[in-house]
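A.B. asks: can't give you the sequence, but here's the structure:
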């Protein structure tokens, strides 16, 4: 359990800026004055729901692409890969799966 906590802290130290930026975008969209973002309060809630849905769908797509690549193609190590085709293949794999999740398919 302690190893898990240390790993979480290390990862949070690595991505704190991205988390802060995403949270600030959401807060700006939620609390922006009606003068600059002229939609009703109900539409604003739906817009925030769309923002959160896309955040979840894209994150799920990234996880799905990463896990499926590690399971299906464990022999492809991109750090030591010398063939450009294999790198392009993995990039296409990630792109297709993330795009499919993001579009809701």
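C.D. replies: Perfect, I can see it now. Predicted model, so just to flag it, every value in this text is computed and none were measured. Numbers count the residues shown, from 1 in each chain.

A.B. asks: burial of residue 67, as a residue count?
C.D. replies: By the criterion of other Cβ atoms under 10 Å, residue 67 has 11 neighbours. Every C-beta, even on glycine, is put in place using the N, C-alpha and C of the backbone.

A.B. asks: before we move on, which element is it in?
C.D. replies: Using DSSP states H and E, residue 67 maps to helix 41-72.

A.B. asks: now residue 27
C.D. replies: Using DSSP H and E, residue 27 falls in helix 2-31.

A.B. asks: Check the spacing between the spatially most central residue of the chain and residue 77 real quick.
C.D. replies: Residue closest to the average C-alpha location in the chain (Cα atoms, centre = their mean): residue 59, at 3.5 Å. As judged by Cβ to Cβ, to the nearest Å, residue 59 and residue 77 stand 24 Å apart.

A.B. asks: Ok, residue 45 next?
C.D. replies: Taken as Cβ to Cβ, the span from residue 45 to residue 77 is 45 Å.

A.B. asks: Thanks a lot, see you next time.
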